[in-house]
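>>> Generate coordinates for the sequence data below:
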Amino acid sequence: MALILDIYARVSRLGDDRQRSTGGQVEDCEARIVERGAQVGEVHIDSGRSAWNPRVKRPDWERLMSRLEAGVTGGVVVFDMARFSRRPIEGERLILAAERGLVVLDSEGEYDLTTANGRKTFRDQLNAAAYESDRLSTRVKRGKRVKATRGEPNHSWRPFGFEQDGVTVRESEAVVLREMVARVLAGENQDHIVVDLNQRRVTTSTGGQWSRESLKQLVLRARYVGQVVHNGVVVGHLPGEPILDSETWDRLNTLFASRRRGRPLSDVYLCSGLVYCAHCGHRLTGRPRTSHSPYPDGEVRRQYWCQPRAVRGGCGRITVDQRELDRHVGALVVRILADPRHAKAVEAAAKATEGKRRPLRAELTECEHLAEELSGRLGRREITLKRYDVAMAPLDKRIAELRAELDGLDSVSTAGTDATVEAASREEWTARWNAATVAERRNLIRQALTNRRIVIAPAVRSAGRPKFDPKRIVIEEERHAQ
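This next block holds a predicted model:
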């Protein structure tokens, strides 16, 4: 039977005219096989795949090696050894597979991997290819570092919000970027933002659609605050005015740094993570109950429960209906915020100062919540102490500024203000609650509770169909929170 030889071709970058095309490589390899009097087996092509970077997966190379190691093919032909691999460790894998006598050819010769001289020649070729890749990598890194220190951007494609030079702002996209950032900071669900952008046919700089990850990566790029970063260190600044100011940039980074890993909160479960189990103190989370009868409107019945987990799990002993709890918590929040006795605590009752005091209090509540989340992530070792310090520095500064501003407002006498003007009416707070998004309602819950929390007590067993008892909702001091 005629000898069967596979062909392997590869280019590192698509569209690079300096490299021999994969089609040209395959033609040369086919000619070598004809010269040898063999037959062409499978043709394996990895386009746009680096053979030097160990993080890059080459699926066709893996298939080729599997065939060689299984003895399905009698050998391989490549245009040159640099196309096969630029990592000596991968060459050793081929040497091991060649112990039974595989044929290894390139455009100039043959490597007999069953002899010491053949293995030496083969290794020398791979070592030379690895050396050239290392030198190229060093030159590229040095060039990027020099450009960065000059304040020049390093990018492979046009960054969103800029022209091709990476410096000149494209205002039509800058407006969209500022909109994205404002909506993220306002607490809007990122999936909603992505869907809206795609429906409006706002594309990425490459013409693609937005995703949750691409949006996050975009808004966190240091170039938008005018910074040039190299290896994680700010080494220069772009000329001209940045698209985002430093305060907005700090808030954005702190927000993402404070978020826990895992799935984003669902808009269905308003109280998820905000109410606690009376038995063990863990936060309640939401889940659907498809095995139960649906709600009267046909929607799936849902509940909050103290979910047991193998690590830091709850007790599983507390459950409460989602709709009933959301409704009663909403009424409770409105009652607290509308009560004149709580006006000073929530900074929202006095109409005369509400325009100044309310946004400050809301931002302070958000900042304190972010600080708690960061502390929790540090305690769970989800972030390093260095990342914690970097995120907390601007956050601590902003918290101090907000408290100072609020203290200044509190020091202003309001003795001459009419009580009907000071107290925000329940109707006004109800209207605000009804018009708020889920994220805004969650902020209102935190604002109303301040240093307290909502605990769900066990249900009292009774005959007949159980009804929700509002007395199960207990407000206690935050010091026992887990």
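>>> which secondary element of the chain has the worst mean pLDDT?
Least confident helix or strand, the chain: helix 419-422 with a mean of 44, by mean pLDDT, DSSP states H and E.
>>> how about the strands of the stretch 301-450 of the chain, start to end?
302-305, 319-321 (DSSP state E, counting those that start in this stretch).
>>> typo on my end, it should be the stretch 151-300 of the chain
227-230, 233-237, 275-277, 285-288.
>>> Starting from the first one, tell me which strands it pairs with and how they run.
Paired strands of strand 227-230, with direction, are strand 233-237 (antiparallel) (DSSP bridges).
>>> For stretch 304-312, give the mean pLDDT please.
Confidence for stretch 304-312, expressed as mean pLDDT, is 80.
>>> Surely residue 77 and residue 4 touch.
No - look at residue 77 against residue 4 with CB atoms under 8 Å: they stay out of range, at 11.0 Å. Heads up, the C-betas are built off the backbone N, CA and C, glycines and all.
>>> out of these two, which sits in the more crowded spot?
Between residue 77 and residue 4, counted using other CB atoms under 10 Å, the more crowded position is residue 77 (29 against 17).
>>> what's that one in contact with, if anything?
The contact partners of residue 77, by CB atoms under 8 Å, 6 or more residues apart in numbering, come to 5, 6, 7, 8, 29, 32, 33, 105, 106.
>>> What of residue 54?
For residue 54, counting by CB under 8 Å, 6+ apart, the contacting residues are residue 87.
>>> Return the per-residue confidence for it.
Looking at residue 54, the pLDDT reads 74.
>>> now it: how far from residue 96?
Here residue 54 is placed at a distance of 19 Å from residue 96 (CB to CB, to the nearest Å).
>>> again, but for residue 158
45 Å.
>>> out of these two, which sits in the more crowded spot?
Counted by other CB under 10 Å, residue 158 and residue 96 do not tie: residue 158 has more neighbours, with 16 against 10.
>>> on that earlier part again, return the member of the contacts of residue 77 nearest to residue 270.
For those, the minimum distance to residue 270 (CB to CB) is 56.8 Å, reached by residue 8.
>>> Could you give the number of residues near that closest one?
Residues lying near residue 8 (other CB under 10 Å) number 26.
>>> How is this protein divided into domains?
Using automatic domain parsing, the domains assigned to the chain come out as 4-134, 275-480.
>>> mind checking which of those is nearest residue 189?
domain 275-480 (6.9 Å).
>>> so how far is the closest one off the chain centroid?
Distance of domain 275-480 from the chain centroid (CA atoms, centre = their mean, to the nearest Å) equals 25 Å.
>>> any idea where the helices of the stretch 101-250 of the chain begin and end?
116-149, 171-185, 190-199, 212-219, 246-258 (DSSP state H, counting those that start in this stretch).
>>> Give me whichever of those helices is most buried.
Burial of the helices of the stretch 101-250 of the chain is given as mean neighbour count (mean count of other CB atoms under 10 Å); helix 246-258 ranks first at a mean of 18.
>>> what about the closest residue to residue 50 other than its chain neighbours, how many neighbours?
Of all residues not flanking residue 50 in the chain, residue 56 sits nearest, at 4.6 Å (CB to CB, 6 or more residues apart in numbering). Neighbour count of residue 56, defined by other CB under 10 Å: 12.
>>> can you confirm residue 56 is in a helix?
No - assigned with DSSP: H, G, I helix; E, B strand; the rest coil, residue 56 falls outside any helix and is coil.
>>> That one contacts residue 46, correct?
No - checked against CB under 8 Å, the pair residue 56 and residue 46 is beyond contact range at 9.0 Å.
>>> list the buried ones in stretch 301-309?
For stretch 301-309, a neighbour-count test (16 or more other CB atoms under 10 Å) marks 302, 303, 304, 305, 306, 307 as buried.
>>> Just flag the most distant two among these.
Checked with CB to CB, the buried residues of stretch 301-309 reach their widest spread between 302 and 306, with 15.1 Å between them.
>>> In three-state terms, label the spatially closest residue to residue 452 that is not a sequence neighbour for me.
Counting by CB to CB, 6+ apart, residue 452 lies nearest to residue 475, which is 5.2 Å off, once chain neighbours are set aside. With three-state DSSP as the basis, residue 475 sits in strand.
>>> what do you get for residue 10?
Here residue 10 is strand, with the state taken from three-state DSSP.
>>> In contact with it, which residues?
Listed by CB under 8 Å, 6+ apart, the contact partners of residue 10 are 22, 25, 45, 46, 47, 49, 51, 58, 61, 83, 84.
>>> Also residue 190?
Contacts of residue 190 (CB under 8 Å, 6+ apart): 184, 212, 215, 216, 264.
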